[in-house]
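Enquirer: Return a 3D structure for these sequence lines:
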Amino acid sequence: MTAARQPLPERYVGRAELAAIMAVSLATIDRMVIEGMPSVTWGRRTRRFRPSAAISWASEREKAAMSVVKLPSGRW
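Expert: Predicted coordinates for the structure are as follows:
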């Protein structure tokens, strides 16, 4: 009998690695953190991210930004 393999838990990454994964700058990561991107702080200054949560958060924000309704006058 073989045991079912459990998927490995997603590892946390630092901001530089997250920036590389998302193909954005460190400044963009910092801005997204200020805007509420999910992260955890280890100790006093070390911030870590789960890539799937960060990407999902950014994707949802992008969808919300694209759902702007055009006013009848033709103005936004």
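Enquirer: which SSE is His38 in?
Expert: Just so we're on the same page, residue 38 is Pro rather than His. Assigned by DSSP states H and E, Pro38 belongs to neither a helix nor a strand.
Enquirer: Strands along the protein, start to end?
Expert: Ranges of strands in the chain, per DSSP state E, are 40-42, 46-48.
Enquirer: other SSEs contacting the first one?
Expert: Packed against strand 40-42 by the contact rule (3 or more C-beta pairs under 8 Å, 6 or more residues apart in numbering; DSSP states H and E) you find strand 46-48. The C-beta positions use only the backbone N, C-alpha and C, and glycine is treated the same way.
Enquirer: Just give the strands next to the strand it packs on in its sheet, each with its orientation.
Expert: strand 40-42 (antiparallel) (DSSP bridges).
Enquirer: what about the residue nearest the centre of the chain, distance to Arg5?
Expert: Closest residue to the average C-alpha location of the chain: Ala54 at 1.7 Å, with C-alpha atoms, centre = their mean. In this structure, Ala54 and Arg5 are 26 Å apart, going by C-beta to C-beta, to the nearest Å.
Enquirer: Tell me the buried residues in the longest helix anywhere in the chain?
Expert: Longest helix of the chain, by residue count under DSSP state H: helix 51-66. Residues Ala54, Trp57, Ala58 are the ones in helix 51-66 that count as buried (16 or more other C-beta atoms under 10 Å).
Enquirer: So for the last one, what's the pLDDT?
Expert: Taken from the predicted model, the pLDDT recorded for Ala58 is 95.
Enquirer: and if you look at the first one?
Expert: In the prediction, the pLDDT value recorded for Ala54 is 97.
Enquirer: what's near enough to touch it?
Expert: Leu18, Met22, Met32, Met37, Pro38, Ser39 (C-beta atoms under 8 Å, 6 or more residues apart in numbering).
Enquirer: By neighbour count, which of these wins?
Expert: Leu18 (25 neighbours; other C-beta atoms under 10 Å).
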